[in-house]
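>>> Here is my input; please provide its structure:
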Amino acid sequence: MTKRHVRCPNCSSLNTKRNGLRQTESGRVQRFFCPSCRSSFTYNHQPKRGLSDRVKVDLTRTHLEGRTSMRTLAKDTGHSKTTICKAIHEVTSRCVSTVWIAQELKPQWGGYLALDGKVVRVFDWTTKHFRYTNVQRRWLHKMSLLIALDLETLDIPTHHLGDEETTIDLILLLRELKEINYPLKGYVSDGNRDIVRAVELVFGPDIPHQLCVRHFLQNLRIRFREADITERQYRDAKEALYYGVRPKLLKVPNELFTYQTVPGLPTTNQQLENLIRYFNLRLKTINQFHDWNGAKDYCNALTLMRRFTKFTDCRNPIKNHHAPLELAHVDIANFDYLNLKSNR
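Okay, here's the model as predicted:
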């Protein structure tokens, strides 16, 4: 073995000399002497031990639930950021899927659904060797996390990480929803016609559709600012929708009043908007995912955490101190979402 100088742990000097062997319980170790600071020390060539499975799970839980960044975890634990990233990716990659939750735990959902998506940054390796402007590159690295939220239990029956919030990716999301036998009785959208087309293709044209009243009023406010409608039309439509009647001065879609013929169908998808803001807080510590698989597994673990986390400040006091899966009549007392085992 080629001899090399070992850095002194006291003064960081490389001017060290071998100074015999020392017998320990684990065997002989080499002793060194540093002439610079006149100190002796031992150097063990045993490789560093990796993180245990329990430590990896604890780090992932701290990152997900405490919103602690991977850089902060690396600083607090003394490990490198790469080690922390690999540990979190290993734990999230073995989390159970939404299909497993539906088949094994059998949640009982209400049947009224809200559909929407949020942008997730994922590095696209196919664009590495091509020339793009900075604006084009930012758009190429954006994907869409499509979320289906049950509005009665606030549970997330399924989700899908796709290229965009278009009909194709929405069909894939709804097929997963149909695969787990979700009892769809009606749905709320923000006006995206791709959602309506996808639902009609997968579940048929007879599913009641409610257009989000809040989004429609926001669009009316934008039209008023751009002088597309008058102030009188805007106030008339706002007051009419507040009281649940049709405006006199402005033509509005029939989907705004579906809730009047379908009892229990909500008028807005505000709960899904709140969930997306909740996810944004968790994803704020991650600038960009390394690849699609890592992003998919991480988003799956994030939705699992939300499904097993109890509400604390919900406006409906009945939902407080209960997790979404508990509201769907699932006993989760003996389950840990990071330690559930499956055969997927």
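>>> Enumerate every residue touching the residue nearest the centre of the chain.
For the chain, the residue nearest the mean C-alpha position is residue 299 (3.6 Å; C-alpha atoms, centre = their mean). Counting by C-beta atoms under 8 Å, 6 or more residues apart in numbering, residue 299 touches 120, 145, 159, 161. C-beta coordinates here come from the backbone N, C-alpha and C atoms, glycine included.
>>> So which of those sit within helices?
If you go by DSSP state H, the contacts of residue 299 have nothing in helices.
>>> separation between the residue lying closest to residue 74 once chain neighbours are set aside and residue 100?
Leaving out its chain neighbours, the residue that sits closest to residue 74 by C-beta to C-beta, 6 or more residues apart in numbering is residue 81, at 4.4 Å. Between residue 81 and residue 100 the distance is 31 Å, computed by C-beta to C-beta, to the nearest Å.
>>> same check, this time on residue 80
For residue 80, the distance to residue 100 - C-beta to C-beta - is 33 Å.
>>> what do you get for residue 249?
Going from residue 249 to residue 100 by C-beta to C-beta gives 52 Å.
>>> And residue 14, by the same measure?
55 Å.
>>> more neighbours, those two?
residue 100 (16 against 11; other C-beta atoms under 10 Å).
>>> element containing the more buried one?
Take DSSP states H and E as the rule and residue 100 turns out to sit in helix 98-100.
>>> Relative to the whole chain's centre, how far out is that helix?
Its chain's C-alpha centre and that of helix 98-100 lie 16 Å apart, by C-alpha atoms, centre = their mean, to the nearest Å.
>>> That helix packs against which elements?
Applying 3 or more C-beta pairs under 8 Å, 6 or more residues apart in numbering; DSSP states H and E, one finds that helix 98-100 contacts strand 158-162, helix 167-179.
>>> partners of the first one in the sheet?
Taking DSSP bridges as the criterion, strand 158-162 pairs within the sheet with strand 142-150 (antiparallel).
>>> Now do the helices in this protein.
Counting by DSSP H, the helices of the chain are 53-66, 70-77, 81-93, 98-100, 134-140, 167-179, 193-203, 213-225, 231-243, 270-283, 292-308, 324-327.
>>> Make JSON lines from these and add mean pLDDT and distance to residue 111 to it.
As requested, these are arranged in JSON lines below (pLDDT from 0 to 100; distance: least, C-beta to C-beta, whole Å):
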{"stretch": "helix 53-66", "mean pLDDT": "90", "distance to residue 111": "29"}
{"stretch": "helix 70-77", "mean pLDDT": "85", "distance to residue 111": "39"}
{"stretch": "helix 81-93", "mean pLDDT": "91", "distance to residue 111": "30"}
{"stretch": "helix 98-100", "mean pLDDT": "93", "distance to residue 111": "17"}
{"stretch": "helix 134-140", "mean pLDDT": "67", "distance to residue 111": "36"}
{"stretch": "helix 167-179", "mean pLDDT": "94", "distance to residue 111": "11"}
{"stretch": "helix 193-203", "mean pLDDT": "94", "distance to residue 111": "11"}
{"stretch": "helix 213-225", "mean pLDDT": "91", "distance to residue 111": "20"}
{"stretch": "helix 231-243", "mean pLDDT": "90", "distance to residue 111": "25"}
{"stretch": "helix 270-283", "mean pLDDT": "90", "distance to residue 111": "15"}
{"stretch": "helix 292-308", "mean pLDDT": "93", "distance to residue 111": "17"}
{"stretch": "helix 324-327", "mean pLDDT": "94", "distance to residue 111": "14"}
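>>> Around residue 332, how many other residues sit close by?
17.
>>> export stretch 171-179 as PDB, just CAs?
Provided in PDB are the C-alpha atoms of stretch 171-179 (Å, rounded to 0.1, in the frame of the first residue of the first chain):
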ATOM      1  CA  ILE A 171     -57.900  11.500 -19.300                       C
ATOM      2  CA  LEU A 172     -55.000   9.600 -17.700                       C
ATOM      3  CA  LEU A 173     -55.900  11.100 -14.300                       C
ATOM      4  CA  LEU A 174     -59.600  10.200 -14.700                       C
ATOM      5  CA  ARG A 175     -58.800   6.700 -15.900                       C
ATOM      6  CA  GLU A 176     -56.900   6.100 -12.700                       C
ATOM      7  CA  LEU A 177     -59.900   7.500 -10.800                       C
ATOM      8  CA  LYS A 178     -62.200   5.100 -12.600                       C
ATOM      9  CA  GLU A 179     -59.800   2.200 -11.900                       C
END
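>>> what comes into contact with it?
By C-beta under 8 Å, 6+ apart, the residues outside stretch 171-179 that reach it are 98-99, 113, 115, 146, 148, 157-160, 162, 184, 198-199, 201-203.
>>> Selection in ChimeraX covering whichever of the residues you listed are buried, please.
If you want just the buried ones from the contacts of stretch 171-179 in ChimeraX, going by 16 or more other C-beta atoms under 10 Å, the selection is:
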select :98,113,115,146,148,157,158,159,160,162,184,198,199,202,203
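>>> returning to what we had before: ok, the residue nearest to residue 74 - how many residues close by?
When counting by other C-beta under 10 Å, one arrives at 14 neighbours for residue 81.
>>> Assess the claim that it and residue 70 are in contact.
Yes. Residue 81 is within contact range of residue 70, at 5.6 Å (criterion: C-beta atoms under 8 Å).
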